[in-house]
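Asker: build the 3D model from these lines:
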Amino acid sequence: MTAVEAATRRLPLVLRNRRFAAVWVAQVLTQAAGRMFQVGAVWWLVGYAAGADRGLASGAFLAVSTLPAVALAPLVASLIARLPHRTVLGASAAAAGLVTLGTAGWTYAATPPMAVVYGAALLLAGCQAVFDPCLTTSVPELVEDADIEAATGFELATQSLAGLAGGLLGPLVVDGAGLPGIVAGCAGAYLLAAALIGATHFPTAPDAPATDAPATDAPATARPSADGRTADLPSATTRRPLRRILSELPFIRRVLLCFTAANVFTTAVFVVMPLYTRTVLHADGSTVAALEAALGAGTLVGSFTGSLLPGAPTAVGAGCLGLMAVALALPGLAAGQAPAVGAMAVAGWCVGVIGVRFVALFQRLVPAEDRPGFFAVMQALLGATFPLSSLVFGLLGDHLSPRTLCLVQGLGVLPVAAALWWTGRPSSVTAPQEDPAPDAAGPVAEPAPAPIGGTR
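Answerer: Numbers count the residues shown, from 1 in each chain. As a prediction, the model looks like this:
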C-alpha cells in the first residue's frame, strides 16, 4: 500500500467512498423524516386534533406505524432477495416521498381527517420496513470487504442519530408550522433521498455459489447449548425452524420471554410522555422534544458504556430493568419537567446497556447458521409488543392520569427484572458466563435489533 493509499484509508468512510456516502445521506434523510413524522403526528394528535380521545388516538397511530415491520417481514425478505437493491431502495424512498407529497397537498388545502394521517403513517412505515433491511443488505455491494465492519457500524450509529434528530424536530415543527409543515419537510427529505439513490451506481453483486447438495446431507457439529448440554447441530447449509433452535437454547428462550414482557411496559413511554406533557406539565412541543432527546441521548451513552459494566448479562440486565422501573415511575411520583427529563435519560441508558450486552451474548450463543432466522424472528417477536402496548396504554390514557400510567409502567417492569435475575441463577439454569470485558472482544457478526426498547 502506497503512502497516498494509506492516507486515504485513514479518512472516514463517507469521505473516501462516494457511493456509500450518497446512500448514507439517503439513510439519514429517510430515517430522520420517518421519525419526525411519527413523533410530530403524535404531538399533533395529543396537542391539537384528538380532543378528549387523545390517548386512544395516539396509541392507535403508533400501533399502525409499527405493524408493517412485523406483518411485511416475509414479503420484504422476498423483495430484497429477488430485486436489485438499488431498485428497492430507490422505489421505497420515492414511494414515501409521493405519499408525503400528496398528504402535504391535502393538509395545505384543508385540515385532513385523522384517517388520512393514519393511512399515511401506515404507508410510510411500510416503505421504511423495506428500506432499512435492504440498506443493511446492500453494504457489501457499496464498500470493499475490509470496510464492511466500519460501514455497518456507521449505519447503526446513524440510525440512532437520525432518530434522535427526527424526534427532536417533530414536535417543534408541529408547534411552528403545523401538520402541513412537517409533512412537507418529510416529502422533501424522502424525494431527495430517492434522487441520491437514483444517481448512485451500485456494482453488480457476485452470484452466490450454488449448493446442489441436499440439506439433509450436511454434516453435524457438536456445540454446547446454553444450559450446558451438548447438541448435534447441522452445518451452515441447513435451515432449521426457530422452534428447534430455541428448544436447544432454553436460556435464550427464557430471556426472550422476559424482554417481550418488559417491552409491553417500556415501549408505552412513547404514548405516555406526550400525554404527560399535555395534561400534567401543560407544556408545548419543546418539552416533548426535550424528553425525546433525553431518551435518545441516554440510549447512545448506554450503547457505548454497556460493555464496561462488570457482571454476567442476566445480572446486568436485571439491574438495568430494576433501575428502568424506578425511572419510569419517577414522573408519576414527582411531577415536573426536570424529573421527567432525568427519568428519560436514565431509562434510555438502561436500554442502551441491555442492547449491547444481550445482542453480543446472543451472537455468541446462537449458531452462525441460525443467526439470520433467529434475529429476524426476534425482531418480529419484540416488535409485535409495540402495537399492543400502544393500544392498551393509549386506551388507559383516556381514563387514567398519565402519572398513574407512569406508576403502572414501573410496577410492570419490576417483576420482569426479578424473573430475568432468577433466570441467570445457577440453581435455575446454568447461564453462560462471559469473559472479562466480553463486549469488547470484537464486532458482532451482523447487525441485530436491541432486545428491549427497540426503535420504532
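
Asker: so for A109, what's the pLDDT?
Answerer: At A109, the model reports a pLDDT of 90.

Asker: just give the number of residues close to it.
Answerer: For A109, the neighbour count with other C-beta atoms under 10 Å is 9. (Each C-beta comes from the backbone N, C-alpha and C, glycine too.)

Asker: contacts only, for it.
Answerer: Contacts here follow C-beta atoms under 8 Å, 6 or more residues apart in numbering; on that basis A109 touches nothing.

Asker: quick one: secondary structure of the closest residue to V272 other than its chain neighbours?
Answerer: Spatial nearest neighbour of V272, chain neighbours left out: L405 (4.8 Å); criterion: C-beta to C-beta, 6 or more residues apart in numbering. At L405 the chain is in helix, as set by DSSP: H, G, I helix; E, B strand; the rest coil.

Asker: touching, L405 and A268? I think so.
Answerer: Yes - if you go by C-beta atoms under 8 Å, L405 and A268 touch, sitting 7.2 Å apart.

Asker: which residues are common contacts for those two?
Answerer: F393.

Asker: ok, the residue nearest to V272 to G296 distance?
Answerer: The gap separating L405 from G296 is 21 Å, by C-beta to C-beta, to the nearest Å.

Asker: also T423?
Answerer: 29 Å.

Asker: the two: which has the busier surroundings?
Answerer: Comparing T423 with G296 by other C-beta under 10 Å, the one with more neighbours is G296, at 25 against 20.

Asker: got a pLDDT number for F375?
Answerer: pLDDT, F375: 69.

Asker: if we can go back for a sec, ok, now which ones touch the residue nearest to V272?
Answerer: If you count contacts by C-beta under 8 Å, 6+ apart, then L405 has 268, 272, 275-276, 332, 393, 396-397 around it.

Asker: try it again at 7 Å.
Answerer: Applying C-beta atoms under 7 Å, 6 or more residues apart in numbering, we find L405 in contact with 272, 393, 396-397.

Asker: swap in L45?
Answerer: L45 touches 54, 57-58, 61, counting by C-beta under 7 Å, 6+ apart.

Asker: which one among those gets closest to L172?
Answerer: S58 (17.7 Å; C-beta to C-beta).

Asker: what's around the closest one, how many residues?
Answerer: 29.

Asker: same check on G355?
Answerer: 21.

Asker: close enough to count as contact, it and S303?
Answerer: Yes - under the criterion of C-beta atoms under 7 Å, G355 makes contact with S303 at 6.4 Å.

Asker: where does P203 sit: helix, strand or coil?
Answerer: Classification of P203 using three-state DSSP returns coil.

Asker: for it, give its distance to T87.
Answerer: For P203 relative to T87 (C-beta to C-beta), the value is 14 Å.

Asker: next one: G352
Answerer: 35 Å.

Asker: give me the element the closest residue to S286 other than its chain neighbours is part of.
Answerer: Distances taken as C-beta to C-beta, 6+ apart put L172 closest to S286, at 6.3 Å, once the chain neighbours are dropped. For L172, the host element (DSSP states H and E) is helix 148-198.

Asker: list the helices and strands that helix packs on?
Answerer: In this structure, helix 148-198 packs against helix 13-16, helix 18-44, helix 85-109, helix 114-142, helix 285-305, with contacts taken as 3 or more C-beta pairs under 7 Å, 6 or more residues apart in numbering; DSSP states H and E.
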